[in-house]
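> Model the following, please.
(2 chains)
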Amino acid sequence: MANITKKVSWSSRADESAAAGEATPLLNGSEQPQHSRQLSGGGSIFQIGRLSTVDLEEEITSEEDSLRGRPKEIPHNEKLLSLKYESLDYDNIENQLFLEEERRMSYMGFRCLEISRWVVCGLIGFLTGLIACFIDIVVEQLAGIKYQVVKENIEKFTEAGGLSISLILWAVLNFTFVMVGAIIVAFFEPIAAGSGIPQIKCYLNGVKIPRVVRLKTLVIKVCGVICSVVGGLAVGKEGPMIHSGAVVAAGVSQGRSTSLKRDFKIFEYFRRDTEKRDFVSAGAAAGVSAAFGAPVGGVLFSLEEGASFWNQMLTWRIFFASMISTFTLNFFLSIYHANPGDLSNPGLINFGRFEGDSVTYNLYEIPLFIAMGAIGGLLGALFNVLNYWLTIFRIRYVHRPCLQVMEAMLVAAVTATVSFTMIYFSNDCQPLGPESTEEYPLQLFCADGEYNSMATAFFNTPERSVRSLFHNQPGTYNPLTLGLFTLTYFFLACWTYGLAVSAGVFIPSLLIGAAWGRLCGILLASITSTSSVGAQHSSAIWADPGKYALIGAAAQLGGIVRMTLSLTVIMVEATGNVTYGLPIMLVLMTAKIVGDYFEEGLYDIHIKLQSVPFLHWEAPATSHWLTAREVMSSPVTCLNRIEKVGTIVDILSNTSTNHNGFPVVVQVPGSDEPAKLCGLILRSQLIVLLKHKVFVELARSRLTRRKLQLKDFRDAYPRFPPIQSIHVSQDERECMMELTEFMNPTPYTVPQETSLPRVFKLFRALGLRHLVVVDDENRVVGLVTRKDLARYHLGKHGLEELQLAQT
Amino acid sequence: MSLYKNCLFLLFLLIDINAFVSGDVNFIASEATSQLKPTLSSSAAGVVNSAVFKPFVDSVFSLSLLSSFPEDLEISDYCVELLNVFGQRYVDYVKCLVPAARPVRVCQNCFSTYGKLVDTYQNISSDQMGPGNVSCRDSLLRSDRLMLVYQLYSNLEDLWLKSDCDHCVTEKFQSLTNATLYFMTTLNQTITCFDKYKEGNHTELCKNCKNTYRGLNELYGKMEKNHTLCIDIEDAMNMTRKLWSKNFNCSFPREETVAVIAVSSFMLFLPIIFYLSSFLHSEQKKRKLIHRE
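Now for the predicted structure:
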């Protein structure tokens, strides 16, 4: 492990890559030397790299491979780091341009900037709320139509015979909706699959996931989630809301859309990673707050996921965005529900009100809650393990888009079939209560005036099922129904998560938990009433299964996603009842402790499986003996302060070394001393410089030439053109480039003996992208990047090293 | 400081002595704080042994005092008359209600008595002055904490509202609405039909009464949508449905189990094929490792 060096160059093919032309994206993935070629051009699971030049270079690749022997290939597993992810440039580049701009800016200018930050946050909240509202209304309408059609059909065929036709109708309807949703996701924007929370977690952690905050992703996410919820899959629309909020934030704060090619010429100052990421955290918070009606929970979510770079002012702004988003959703939903001005319907999911006797709990119930938390942790771990294996299988074998669509369609059809069979064979009939909230009661073989109890759980959107499990009177469900429902829904939800449809896992988890929680409540009530040990008042408390449904839901959700503080607050806020704060917290803690003993949280599993270089809270516990010298990459490609253009172009176009940051060194003229570090320059900056031809010779010849400003860098952000699209003539190659003005003159450096945890802390706390390792004479020895740190993790056999791989 | 404390102590002592001297029953009560106030007031005002502090003592006396209130505090004859009428009608209504409890007939049977009760109550509660310029509203309805008349009436009013009888009765409590009457006729037809075929095999009944029963069901559904249901109709319908489904067992039988099982097992079979085939035929995704030796 010691002295990790890399074989850098086994090809120098600047001319070939230049010939690749426009279609080549900027493969500025990592700083490590890498082979950015793919055999047979087989698209990765996420199809990110499919459009790249690599396809054009196939032949060359195979030639080289035959020279060198094929690179080792292994099946996909969790112990890989992908090369396609790169870091965000969270660290501010304090170059001379920046200082100049700051000097020019008046006091008023800074005030305006501050105000526009607030305006942007307000806009983020507003738009996120609107999107949530749109999703909610469309889902309700479409699902309403679907269930109405199926219900009428079932009623018709119950009498006339031919219920299998209703079954087929239901399956086909589900099938169609899900097919649409899966096609748009699988073929147009695979990154929009799933809940999006893992991706946003990565983004807030400082990893740039390609295409995750684009407008196209947002559109597909919104349409996809509508399709999958209406398609009757075991999914929720809450997780995707968080992703949507993040995309909105990333879009609004930039004041333009690269996809639509519209530039509104506003908020130009915010066009860099630092500002954008702050706004994305606000967007994620707004998304949470719109989804659950939990503004504080949203803020805490952002805090929990991106806590390393944080300040109070930002927290306050994020809270503002959250509040606005809840308010907007509330307001527009109140108009939709025809009582404008009634602001008491926060959130997409509404747990309804817990009132009266049901809110009380007693000391002797605390152990029960804890036990339920443990069950939730166990079931959650089981869920995660099953989903882990399923996901690995999917990545390995179900990676072609058409296969993914087929799989999603099959799941939809099977979900409908299973639900129908359950309802068909259920004997649990309940009278229609006076305040029955069932929208689509199915009678089937029940007596007139009664409805099938299984149907309230299955024949409904999941949100409604959760609410009826929380609030229906005791006795609405019999234990067998609940048990069967829990069992089937558990496997359905586990099977569904990870399909190529955009859908969240919050609601299914809540639903599973609510079902077995209610079951617990019913069993407890029956035990106490038969044994008659509990006095009358205690059985009265235990007789309310809704409370246990809530606790079970919290336990199950906590067991699956393993969020801590934010989840507690989200649950408390969604319940709208502070009294339950303590039980919910206890339950979530227990669920997390028990669950973590067996398996990680679902989102962490998926982050791992996507091979993202994710930095956790802390460095692995037993890594203090590792020093920066062992961790870093070396040798490092350095640039001189005044560098020949040809050299720079060659370095940048070398596809085998996709370095992104280049230490700038200065050689003391006339001496043999090795070059010393004087700054750091990024690939993106170099590209902008090349594009504007900021060459020393040209500057001399044309004195009137406009000086390059920060604005020019911002205009190119975030999609810097690939080096291949920049034409540099043979004459220009001989020119020189002066980097002093543009480089970051004060990059962070560490001595070689720094331990891994120290380096890790610097990275995590400052959001670094490059950390230069220098010797005692300030000479560059190596460069530490995110991937160098993320590859160490604590496995079963002590410290393990992840391998870099092409995905 | 110590001087102040001493003074305070003395004051307490004084109060205590005072309490013993005045020798009121109340002062033997346990709590020192509650003692303090009456003591002070009694020692200061002396004469007014305030009723506020010991109402239970007063009430013993006031029983005998009731008959001797001055003329203007007494309620007028007119109001007494009204009260009597109210009582009479109240009793009538309740007498009507109780036998109509099961099966529920509270709207059909008692709407007229309820109407009368409402009339009387409106008389009592109206602003209009009766003979002799007296309004009974204040004296009857809210001159005491109990507000008996109001409570009695509001209980029945709640009952009426809960039963939704307004939906079945015309305004001013004249008669039942036409819709209700029509429903009752249809209901009677159905019941007659039931009675006719009750003996013997129920399949006969299920077949022959199906049309009338379904007509009734549809009518009920229509009324449900128009919100013209009241408790009488709901109850009657409930009973009929119970008769139909439970007693006569005319619900739909579960007949096509085989077909449903066949279709669903076919559906459940598909994913197995899918996964097997993709496992066997799809090329496994491999990752190329980047060496970092």
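> Would you mind measuring from the closest residue to A:Asp342 other than its chain neighbours to A:Glu599?
Nearest residue to A:Asp342, sequence neighbours excluded (C-beta to C-beta, 6 or more residues apart in numbering or on different chains): A:Ser334, at 4.6 Å. Where you see a C-beta, it was placed from the backbone N, CA and C, and this is true even at glycine. According to C-beta to C-beta, to the nearest Å, A:Ser334 stands 42 Å off from A:Glu599.
> which of those two has more neighbours?
A:Glu599 (21 against 16; other C-beta atoms under 10 Å in any protein chain shown).
> how about that one, what does it touch?
By C-beta atoms under 8 Å, 6 or more residues apart in numbering or on different chains, the residues touching A:Glu599 are A:381, A:384-385, A:388, A:605.
> Go through the residues you listed and flag which are in strands.
Within the contacts of A:Glu599, no residue falls in strands by DSSP state E.
> which among these end up buried?
A:381, A:384, A:388, A:605 (16 or more other C-beta atoms under 10 Å in any protein chain shown).
> Keep only the residues you listed that also lie close to chain B.
For chain B, no contacts are drawn from these by C-beta under 8 Å from any C-beta of the partner chain.
> Reformat these into TSV and put pLDDT next to each item.
TSV is the format used below for the buried ones among the contacts of A:Glu599 (pLDDT from 0 to 100):
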residue	pLDDT
A:Ala381	96
A:Asn384	96
A:Tyr388	95
A:Ile605	93
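> closest to chain B among the residues you listed?
The closest of those to chain B turns out to be A:Tyr388 (C-beta to the nearest C-beta; 16.3 Å).
> Return the residues in contact with that closest one.
A:78, A:599, A:605, A:609.
> Out of the residues you listed, which two sit at the greatest distance?
A:Glu599 and A:Leu609 (12.8 Å; C-beta to C-beta).
> now the helices for the stretch 151-293 of chain B?
B:178-197, B:202-208, B:210-226, B:231-242, B:257-281 (DSSP state H, counting those that start in this stretch).
> circling back to that earlier point, so among the contacts of A:Tyr388, where is pLDDT lowest?
Within the contacts of A:Tyr388, A:Glu78 has the lowest pLDDT, namely 84.
> Leaving out sequence neighbours, find the closest residue to that one.
Nearest to A:Glu78 is A:Lys608, by C-beta to C-beta, 6+ apart, at 4.6 Å.
> okay, now that neighbour: neighbour count?
Neighbours around A:Lys608, by other C-beta under 10 Å: 21.
> Return the set of buried residues in whatever helix or strand it lives in.
A:Lys608 belongs to helix A:602-609 when elements are defined using DSSP states H and E. Neighbour counts over helix A:602-609 (16+ other C-beta under 10 Å) mark A:602-609 as buried.
> Below-threshold pLDDT in the chain: ranges please.
Just so you know, I chose chain A. Within chain A, the set of residues satisfying pLDDT under 70 comprises A:1-71, A:307-310, A:346-347, A:356-359, A:433-438, A:530-543, A:672, A:700, A:702-706.
> Not quite, go with chain B.
Checking chain B against pLDDT under 70 turns up B:1-74, B:129-134, B:292-293.
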